[in-house]
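> sequence? don't have it. structure:
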């Protein structure tokens, strides 16, 4: 219900962001828990920009919690958390280094898998990496949707070719795979 209030009159909910924050650390064991976590994240995404002078500690804690949730939960939560993280970083903290580190973590998984596959496509351990690869593809796509990694002021490595081109190349590599029919 608080999510509906946030959509209707977000300025009334903005004062209560700190009250919602502990819900990001709840243990999810049932479907309703995931739904609560999802709606808390969406509520924070809506009302955080309306907060007047949020503390740096509060924002840093939110960033940390969002990254933890991205690493821990599935698509439903990951999508909401990266979107919320985009609002926090792009509009409030400007901590683009955190977004770059998260991107690098998932992107390097894809690069390692591509290298392993290119060297030996018949290796049996590659099948076990299918889940992490799919998760990494999804997360890299979301991070690219919410952050501009090629902007000069945010990109610390000038010698590296465009991140956009690297992502395109790796996505095209994985797009060439076809799901095997069982």
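The structure has been received and is ready for your questions. Being a predicted model, the structure only gives us computed values, none of them experimental. Numbers count the residues shown, from 1 in each chain.

> going forward, measure contacts and count neighbours with C-alpha atoms only.
Will do.

> state the pLDDT value of residue 127.
Here, the pLDDT recorded for residue 127 equals 80.

> mind checking how far it is from residue 134?
Using Cα to Cα, to the nearest Å, residue 127 is found at 12 Å from residue 134.

> those two: who's more crowded?
Legend: neighbour count by other Cα atoms under 10 Å for residue 127 and residue 134, higher for residue 134 (13 against 10).

> check that one and give its pLDDT.
92.

> what's the helix or strand for it?
If you go by DSSP states H and E, residue 134 is part of helix 130-146.

> what is the burial count for the nearest residue to residue 150 once chain neighbours are set aside?
Among residues not flanking residue 150 along the chain, residue 163 sits closest, at 5.9 Å (Cα to Cα, 6 or more residues apart in numbering). Neighbourhood size, residue 163 [other Cα under 10 Å]: 15.

> then residue 105?
With other Cα under 10 Å as criterion, residue 105 counts 13.

> returning to what we had before: next secondary structure element downstream of the helix holding residue 134?
Downstream of helix 130-146 (by DSSP H and E), the next one is helix 163-175.

> now stretch 86-96: mean pLDDT?
96.

> low-confidence ranges in the protein?
Within the chain, the stretches with pLDDT under 70 are 151-161, 178-182.

> longest helix in it, by number of residues?
helix 96-119 (DSSP state H).

> now residue 43: how far from residue 32?
Taking Cα to Cα, one finds residue 43 at 16 Å from residue 32.

> of the two, who's got more company?
Applying other Cα under 10 Å to residue 43 and residue 32 shows that residue 43 carries more neighbours, namely 24 against 10.

> got the contact list for the more buried one?
2-3, 6-7 (Cα atoms under 8 Å, 6 or more residues apart in numbering).
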